[in-house]
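In: Give me coordinates for this.
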Amino acid sequence: MNLENKKVTVIGLGKSGLAAAKLLKKMGAKVRVTDINKDFDLDKKAQKLHNLGINVELGKHSFNIVKDCDLLIVSPGVSDDSKPLIWAKENNIPVMGEIELGYRYSQIPIIAVTGTNGKTTVSTIINNILDKAGINSVLCGNIGIPLTEVIEKDNKFSFIILEISSFQLERVSAFKPFIGVLLEVDADHLDRHKDIYSYKSLKYRLFSKQTKKDWQIIVNPDYKFVNKQSRTVFIKDKKVFSEDEFFNNNISLKYEKVFSDASIDLNRKVVLVVLSLIIDDVFKYFDDVKDFSNLEHRLKLVAKINNVSFINDSKSTNISSGKWALDKYDNILLIAGGRNKKLDFNNIPEGLKNKVKHLFVMGESSDDIKKVFLSVCPVHHVNDLKQAVEESYKMANAGDTVLFSPMCSSFDMFRNYEERGEIFKQAVMHLKLN
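Out: From the prediction side, this is the model:
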């Protein structure tokens, strides 16, 4: 793709917008950036781009910054009803996502992972094991480092491990991973995608451009979306169904043993399948895959105070991840709430709700969650995480677990789930020290 001297406008100055603007500048484009927000962090980013000769507009979207451009690059958080995208449609301006832009300039094989939950864990384990095996890889995408930043820095990697969200998949066209991994899909982001069918079809877009040279690995597949053109491994009911090509090097017997081991969760079994396509003796890393527990803000023990455990699961942004967390513990004092994504909390099974001794709710979704739990436990409204931690500890007994698993996005009160998790940890440590 040649963008030299083309007028390109980037919508959104988050991490991906900043990285996309830098890559575009490097490729010779005439770059402009616009962001509807204006704050200190954005001012700092804008200054960096000004120093590169890039014009930045903050605090508004003006038609002039869009009207005569050749291409619009859109950050994942920008929805179709934003003014620049409406103007682009009215003026027949092509629109491309940041992932698509990075892919168009990359020659590095991509292992892309998506799904409702587990994609960060799976992506991280794959990257860590490749590193141990001496294979040079980089972890990027939805997990934090934008793909365009990796490409702009021109590093030499054997593989890119890309965590990719439904928002990012909305605006791919030519994007084609060497290995595409789809974990289980449950309802999420229904405030952005009109229904579960639309959400699921976006996830399967991961495979749409693949060929017989590529792999698709799918957990519990919805067969009407499957791309018949690429090599396929289905993982269903903890069994592997695959083309014969996958079972080479006499590994089929090993996989039979691994997939019958109930102590290994499904996502880690997916990791082993992916790695077997790249590493000859993947099973020597079996213990690293099985025992991996290094992910921040995902079911992490922050502290034990007088035998009360405080668990940080701030990365829980939907109901299915919340159900997973509730299943892990007993005698739970649950802290939940945030911005609901039009999800139905009635989908939490009674058996899991009955494990909760007290519920502490906060944020925009407080009333939605309260209605569902009111029949099984006392519900307490709190103003912030500090109050939630203090009140839950007062009501906890030795052996109880205070579980912070919001089941909602963070954007009503925090910048992201990382900030939310850090504030929870600070509140717990403050409690411990006083």
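In: Tell me which stretches of the stretch 151-300 of the chain form helices.
Out: With DSSP state H, counting those that start in this stretch as the definition, the stretch 151-300 of the chain shows helices at residue ranges 166-169, 196-204, 252-259, 266-276, 286-290.
In: For residue 326, which of those helices is the nearest?
Out: Closest approach to residue 326 among those is made by helix 266-276 (17.8 Å; CB to CB). Where you see a C-beta, it was placed from the backbone N, CA and C, and this is true even at glycine.
In: Pretty sure residue 407 sits against residue 319.
Out: Yes: look at residue 407 against residue 319 with CB atoms under 8 Å: they come within range, at 5.4 Å.
In: Those two: which is more packed in?
Out: Neighbour count, other CB atoms under 10 Å: between residue 407 and residue 319, residue 407 has more, with 27 against 24.
In: Report the contact partners of that one.
Out: Going by CB atoms under 8 Å, 6 or more residues apart in numbering, residue 407 touches 316-319, 321-322, 336-338, 343, 345, 369.
In: Excluding covalently adjacent residues, which one is nearest to it?
Out: residue 322 (3.6 Å; CB to CB, 6 or more residues apart in numbering).
In: State the number of residues packed around the one you found.
Out: Neighbours around residue 322, by other CB under 10 Å: 26.
In: what sits against it?
Out: Per CB under 8 Å, 6+ apart, neighbours of residue 322: 316, 336, 348, 405-407.
In: Could you identify the most distant pair in these?
Out: Maximum pairwise distance among the contacts of residue 322 (CB to CB): 13.4 Å, between 348 and 406.
In: Just want to know which of these two has more residues nearby.
Out: More neighbours surround residue 406 than the other of residue 348 and residue 406, with 33 against 20 (other CB under 10 Å).
In: burial measure for residue 384, as a count.
Out: Neighbour count of residue 384, defined by other CB under 10 Å: 12.
In: Touching, it and residue 362? I think so.
Out: Yes: the criterion here is CB under 8 Å, and residue 384 meets it with residue 362 at 6.7 Å.
In: So which of the contacts of residue 407 belong to strands?
Out: Here DSSP state E is the test, and the contacts of residue 407 give residue 336 as lying in strands.
In: now, which of the contacts of residue 407 sits nearest residue 203?
Out: Distances from residue 203 to the contacts of residue 407, taken by CB to CB, are shortest for residue 318, at 13.6 Å.
In: hmm, back to that, output the helices of the stretch 151-300 of the chain in TSV, with mean pLDDT appended to each entry.
Out: Listed next are the helices of the stretch 151-300 of the chain as TSV, based on pLDDT from 0 to 100:
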stretch	mean pLDDT
helix 166-169	91
helix 196-204	87
helix 252-259	71
helix 266-276	90
helix 286-290	87
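In: Relative to residue 6, which of those is closest?
Out: Short answer: helix 166-169, nearest of the helices of the stretch 151-300 of the chain by CB to CB, at 22.5 Å.
In: Check which residues of that closest one are buried.
Out: Neighbour counts using 16 or more other CB atoms under 10 Å place 166-169 of helix 166-169 among the buried residues.
In: Relative to residue 378, which of those is nearest.
Out: Set against residue 378, the nearest of the buried residues of helix 166-169 by CB to CB is residue 166 (35.8 Å).
In: right, and the closest one touches residue 201 too?
Out: No: using CB under 8 Å, residue 166 is not in contact with residue 201; the gap is 9.6 Å.
In: which ones among the contacts of residue 407 are found in helices?
Out: 319, 321-322, 369 (DSSP state H).
In: Buried residues of stretch 289-296, list them for me.
Out: Buried residues in stretch 289-296 (16+ other CB under 10 Å): 289-290, 292.
In: just stretch 343-357 next, same as before
Out: For stretch 343-357, by 16+ other CB under 10 Å, it's 343, 345, 348, 352-353, 355-357.
In: Now for those residues: which two are most distant?
Out: 343 and 357, at 23.6 Å, using CB to CB across those.
In: shared neighbours, residue 384 and residue 362?
Out: Listed as contacting both residue 384 and residue 362 by CB under 8 Å, 6+ apart are residue 413.
In: about what we covered before: which of the buried residues of stretch 289-296 sits closest to residue 28?
Out: Nearest member of the buried residues of stretch 289-296 to residue 28, counting by CB to CB, is residue 292, at 42.2 Å.
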